[in-house]
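1. The following comprises the amino acid sequence and a computationally predicted model.
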Amino acid sequence: MTYQFSGPCPVCGGFEFTENAVLWDDLIDKWQLAVDEIRYINRQQGFHCKQCHNNLRTMGLSAAILREYSYYGTLKQFCESSSIDLRILEINTAGNLTKFLMKLHGHKLVEYPEFDMMNLDIESDSYDLVIHSDTLEHVPMSDRGLSECLRVLRRDGKCIFTVPIIVDRMTRSRVGLAPSYHGQSGVPANDQLVYCEFGADFWKSVLNAGFISCEIYRFEYPSALVIIAKK
Ligand SMILES: [Zn+2]
């Protein structure tokens with residue numbers, strides 16, 4: 001039986017949600033999405049908490065982090081707790097999570113283009129947790145981006161992240177195909193250009209990058225999957 005998330009919000013504890021369609025015709029066309037795939041990607045990106053405005057994917061990311069650190073509360077409480085002593089690197093703003101994460105004194109946010117995920121100007125072995133959300137598909141060499149995450153992690157560190165995954169197909173590179181952009185309809189921005197469309201074999205990128213394991217956390221299947229990669 002398919003589990004459908006109905007609350008409360010793992011970020012703020014909110015109980016009210018709303019949903020809007022975020023995909024547009026040109027993106028659907030280039031991504032070649034089937035009807036069911038349109039439905040679950042719209043839910044992943046457009047279903048959100050009315051209180052903190054995090055969508056299903058960043059709610060899922062939060063739930064995965066809380067589970068990984070055995071914390072029984074919201075992400076907001078986790079970030080405000082004095083008992084949490086973690087060095088967290090956030091690569092590009094992860095939805096609306098940044099305002100919560102920045103309350104952790106070990107938190108650092110780095111953003112493109114000042115920081116290039118394929119060549120992070122960050123010391124090796126310096127973070128306990130690296131997070132990113134729907135960033136990897138915009139990096140020209142995604143395996144290289146992940147290997148940089150691995151490099152900056154301490155021993156036993158974790159990289160917890162999301163990418164849009166179309167579960168019934170294989171990963172494909174968009175190199176040589178017509179440019180496809182995420183973000184907003186009719187607003188092509190270079191940092192939103194898609195280099196890779198991830199599919200069921202996304203785990204190969206994680207292991208290729210050098211991580212010793214790749215776990216899938218199901219917040220909601222197949223609309224909100226979170227990847228937990230361990231060093
Ligand atoms: Zn919320």
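-> All right, it came through fine. Residues are numbered from 1 along each chain as shown.
2. what lines up beside the longest strand along the chain in the sheet?
-> For the chain, the longest strand by residue count, based on DSSP state E, is strand 153-162. Sheet pairing of strand 153-162 (DSSP bridges) gives strand 127-133 (parallel), strand 224-230 (antiparallel).
3. so residue 161 makes contact with residue 225?
-> No. Residue 161 is beyond contact range of residue 225, at 10.6 Å (criterion: CB atoms under 8 Å). Glycine gets a C-beta too; all of them are placed from N, C-alpha and C.
4. Stretch 165-182: end-to-end distance?
-> 14 Å (CA to CA, to the nearest Å).
5. what does it contact?
-> Residues outside stretch 165-182 that contact it (CB atoms under 8 Å, 6 or more residues apart in numbering) are 27, 30-31, 33, 37, 41, 134, 137-138, 187-189, 192-202, 204-205, 222, 225.
6. Looking at residue 161 and residue 225, which is more packed in?
-> When residue 161 and residue 225 are compared for neighbours, residue 161 comes out ahead with 24 against 21, by other CB atoms under 10 Å.
7. For the nearest residue to the more buried one once chain neighbours are set aside, give its distance to residue 57.
-> Leaving aside its sequence neighbours, residue 161 sits nearest to residue 132 (CB to CB, 6 or more residues apart in numbering; 4.6 Å). For residue 132, the distance to residue 57 (CB to CB, to the nearest Å) stands at 11 Å.
8. Tell me which of the two has more neighbours.
-> residue 57 (27 against 24).
9. On the three-state scheme, that one is what?
-> Under DSSP: H, G, I helix; E, B strand; the rest coil, the three-state class of residue 57 is helix.
10. pretty sure it is touching residue 227, no?
-> No. Counting by CB under 8 Å, residue 57 stays clear of residue 227, with 11.5 Å between them.
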